[in-house]
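[1] below are the sequence and a predicted model for it; my questions follow.
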Amino acid sequence: MNKYEQELMKVTPKGAIIYELIQEDINSRSVQIFEFLGEGILAFGKALNRLKKMDAFFLVINDEKSELVQIQSNLTKIQQDVTRAVQAASNKKSFEFEGKRYKLYRKIR
């Protein structure tokens, strides 16, 4: 268990379901085509950018409430209610919130 997951366990209820997320920008169709054509170069740039930022994103589902938890490199937590966004994307492996797409990466608990 890494430091982000340890910090997350301190603030989540015992019975909650927790997923680690991958955050992506939502782009227009033309940007998506350009990214597809230059995928290797852009993917490398995005990976470097994520390494610099080093934030971790988690979805915590407790009963009917869903919460997005962002843990920054200094272990500061930002929590946002994303219940509506998750319900709108039911049966999908991703949801959209505030101009970002969050994909379920792995189940932690």
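    Noted; the coordinates are in hand.
[2] going by C-alpha atoms from here, please, whenever you check contacts or count neighbours.
    Will do.
[3] which stretches in this protein count as strands?
    17-25, 56-62, 65-71, 77-81, 94-97, 100-107 (DSSP state E).
[4] most tightly surrounded among those?
    Mean neighbour count (mean count of other C-alpha atoms under 10 Å) peaks for strand 56-62 among the strands of the chain, with a mean of 23.
[5] may I have the strands that pair with it, each with its orientation?
    Strand 56-62 has the following sheet partners, assigned by DSSP bridges: strand 17-25 (antiparallel), strand 65-71 (antiparallel).
[6] may I see those arranged in a markdown table, with distance to Arg101 and mean pLDDT as well?
    Formatted as a markdown table, the strands paired with strand 56-62 follow (distance: least, C-alpha to C-alpha, whole Å; pLDDT from 0 to 100):
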| stretch | distance to Arg101 | mean pLDDT |
| --- | --- | --- |
| strand 17-25 | 5 | 90 |
| strand 65-71 | 12 | 95 |
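[7] what would those strands look like in CSV with distance to Tyr4?
    As requested, the strands paired with strand 56-62 are exported to CSV (distance: least, C-alpha to C-alpha, whole Å):
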stretch, distance to Tyr4
strand 17-25, 10
strand 65-71, 6
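[8] of those, which is nearest Ala56?
    The closest of the strands paired with strand 56-62 to Ala56 is strand 65-71. By C-alpha to C-alpha, the value is 5.2 Å.
[9] outside of that closest one, which residues touch it?
    Applying C-alpha atoms under 8 Å, 6 or more residues apart in numbering, the contact partners of strand 65-71 are 4, 8, 55-61, 77-83, 86.
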